[in-house]
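Trainee: can't give you the sequence, but here's the structure:
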Ligand code: SAH
Ligand code: SF4
Ligand code: F3S
């Protein structure tokens, strides 16, 4: 998010004019998953309509919104240390006759509600992920001194109540955008807070998704990632009220001219049906990269996690995806040290990783979350065991990521350039496989898919050379 597009130009006050009220500024800081990143843009759009300009700096913010994550203890605790710092800044501002409102949004807001107001006195407002469309009204109440917590699961359609972003807002956010198609989760994995913080699964209607994507593409976006806590469980209604699948939505969106790339995340293995797998063969715009969390390779642990599939089912999906799209890259999430995990269970995870071969992955130590079934189990794993397992798993995943990156050296791939690179004369973007790529080239290539040859693989990004005809363009 940037400030420029919404910044009002202040005219100097004339002798008879009243001084115009300065434009209030809002800073939205997002933590956690892509869903929060998307929600942050929608909150900024909404507040833009209310006359707020976006800022990146805490110093000039009149309003700071922390869009929080509750997934692991560390993520939630980080919010309170952040709030502690904001409280000091607010006190200093108050001493100088200015104010800064502090809002806690997102999943910590939903999970802890009024507790947040009690634990940190400087917080003015707590708003859950299903009620942020009410922000303007809630802020007015906060202005008059009330400390409010709104964590209702609203009955009205939040998305319909939110204003569409302007072309300038879309452009300022770059050529790649998220579109939420599905929210919430009914799976209740025994370790996870999401079903409690985001509520039941619900899918947006097809027409809304198509209209939102068209608007983005018309303003210059060329890559759209469809997001949802369980995006492949999407079952939204079409104009006739018929249930539509994610594969069908992808097919519809792929017809939009000017849209060059489609992605979706995050998928659950249980909802990875054949139609979606086939879409990877049928839709060239659908990128060959699938994030498919498995959590564990042990059937016993998968069962205790309530994941509803075994390791073999996961291996079969990986195989089918590779049959449909031989170059598909897979990524995953893992949890080590789930209650009761033995060395043999952990070895089964390592074996699954070796069998699949991942392009990249996220791995975490199990974190007991209040209110989830696994948190109450007596067989919690000791911290040092979790740390050892995490280190071993991460070493293997790192090795696989490096091998995957090395294998692209010498290959010709299409890169969507998104921004200027870190050095003068460089541009940076993403390969079809989500690898960060930089090359020497003109900024005119930004917003285009360009053919490059990968010349070297570093630890975090690939360097590339534009193919001669592209370099001339
Ligand atoms: N819906 C997705 C995951 C959403 S949460 C899915 O089902 O795969 C993102 C990741 O956070 C999870 O995949 C999991 O690896 C991790 N995670 C969730 N709860 C956790 C916990 N209690 N401790 C550690 N990691 C957790
Ligand atoms: Fe959490 Fe499981 Fe739902 Fe994913 S599928 S959001 S891990 S409960
Ligand atoms: Fe975190 Fe909520 Fe996303 S708990 S991972 S921000 S759904």
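Mentor: It's in. None of these values were measured; they are calculated from a predicted model. Ligands and ions are numbered 1, 2, ... in the order given.

Trainee: quick one: buried residues of stretch 129-140?
Mentor: 129-135, 138-139 (16 or more other C-beta atoms under 10 Å). Where C-beta positions appear, they are placed from N, C-alpha and C, glycine not excepted.

Trainee: do stretch 426-439 as well
Mentor: 427-439.

Trainee: Taking those, tell me the two that lie furthest apart.
Mentor: With C-beta to C-beta as the measure, no two of the buried residues of stretch 426-439 lie farther apart than 427 and 433, at 18.3 Å.

Trainee: what's the burial count for the residue of the stretch 301-450 of the chain found nearest ligand 2?
Mentor: Nearest residue of the stretch 301-450 of the chain to ligand 2: residue 307, at 7.3 Å (C-beta to the nearest ligand atom). A count of neighbours around residue 307, defined by other C-beta atoms under 10 Å, yields 23.

Trainee: again with residue 220
Mentor: 14.

Trainee: Could you do residue 160 as well?
Mentor: Neighbours around residue 160, by other C-beta under 10 Å: 10.

Trainee: ok, now residue 340?
Mentor: By the measure other C-beta under 10 Å, the count of residues near residue 340 is 16.

Trainee: Ligand 1 contacts on this structure?
Mentor: Taking C-beta under 6 Å from any ligand atom as the contact definition, the chain meets ligand 1 at 71-72, 191-192, 194, 229-230, 266, 268, 293, 295, 333, 335, 364, 366-367, 369.

Trainee: returning to what we had before: could you confirm the residue of the stretch 301-450 of the chain closest to ligand 2 falls within a strand?
Mentor: No. Read with DSSP: H, G, I helix; E, B strand; the rest coil, residue 307 is coil and lies in no strand.

Trainee: Can you pick out the ones from the residues of the chain next to ligand 1 that are in helices?
Mentor: residue 194 (DSSP state H).

Trainee: What about ligand 2: which of the residues of the chain next to ligand 1 touch it?
Mentor: Within those, those near ligand 2 by C-beta under 6 Å from any ligand atom are 192, 194, 229-230, 268.

Trainee: Could you dump these into JSON lines with pLDDT, distance to residue 259 and neighbour count added?
Mentor: Formatted as JSON lines, those follow (pLDDT from 0 to 100; distance: C-beta to C-beta, whole Å; neighbours: other C-beta atoms under 10 Å):
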{"residue": "192", "pLDDT": "98", "distance to residue 259": "32", "neighbour count": "21"}
{"residue": "194", "pLDDT": "97", "distance to residue 259": "29", "neighbour count": "21"}
{"residue": "229", "pLDDT": "96", "distance to residue 259": "24", "neighbour count": "23"}
{"residue": "230", "pLDDT": "96", "distance to residue 259": "23", "neighbour count": "21"}
{"residue": "268", "pLDDT": "98", "distance to residue 259": "25", "neighbour count": "20"}
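
Trainee: Which one of those residues is nearest to residue 276?
Mentor: residue 268 (11.3 Å).

Trainee: tell me the contacts of that closest one?
Mentor: Applying C-beta atoms under 8 Å, 6 or more residues apart in numbering, one finds that residue 268 lies in contact with 187, 230, 232-233, 293.

Trainee: Take these and write them to CSV, including distance to residue 222.
Mentor: Supplementary listing: the contacts of residue 268 in CSV, determined by distance: C-beta to C-beta, whole Å:
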residue, distance to residue 222
187, 33
230, 26
232, 23
233, 27
293, 27
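
Trainee: Just flag the most distant two among these.
Mentor: Top of the distance list for those (C-beta to C-beta): 233 and 293, 13.4 Å.

Trainee: list the buried ones in stretch 77-97?
Mentor: 78-79, 82-83, 86-87, 89-90.

Trainee: would you say residue 429 is within a strand?
Mentor: Yes. According to three-state DSSP, residue 429 belongs to a strand.

Trainee: isn't it right next to residue 415, touching?
Mentor: Yes. If you go by C-beta atoms under 8 Å, residue 429 and residue 415 touch, sitting 4.7 Å apart.

Trainee: what touches both of these two?
Mentor: Joint contacts of residue 429 and residue 415 (C-beta under 8 Å, 6+ apart) are 437, 450.

Trainee: In space, what's closest to residue 200 - neighbours in sequence excluded?
Mentor: residue 184 (5.0 Å; C-beta to C-beta, 6 or more residues apart in numbering).

Trainee: And the helices in the stretch 1-150 of the chain?
Mentor: Under the criterion DSSP state H, counting those that start in this stretch, the stretch 1-150 of the chain contains helices at 34-49, 73-95, 106-112, 114-119, 135-143.

Trainee: What are the contacting residues of the first one?
Mentor: Just to be clear, that refers to helix 34-49. 1, 6, 26, 28-30, 52, 54, 63, 65, 67-69, 105-107, 129, 132-133, 135-136, 162-166, 169, 173, 178-180, 183, 198, 225, 227-229, 265.

Trainee: Tell me the buried residues within those residues.
Mentor: 1, 6, 26, 28-30, 52, 54, 63, 65, 67-69, 105-107, 129, 132-133, 135, 162, 165-166, 169, 173, 178-180, 183, 198, 225, 227-229, 265.

Trainee: and the chain, which residues reach ligand 2?
Mentor: 185, 187-189, 192, 194-195, 229-230, 268.
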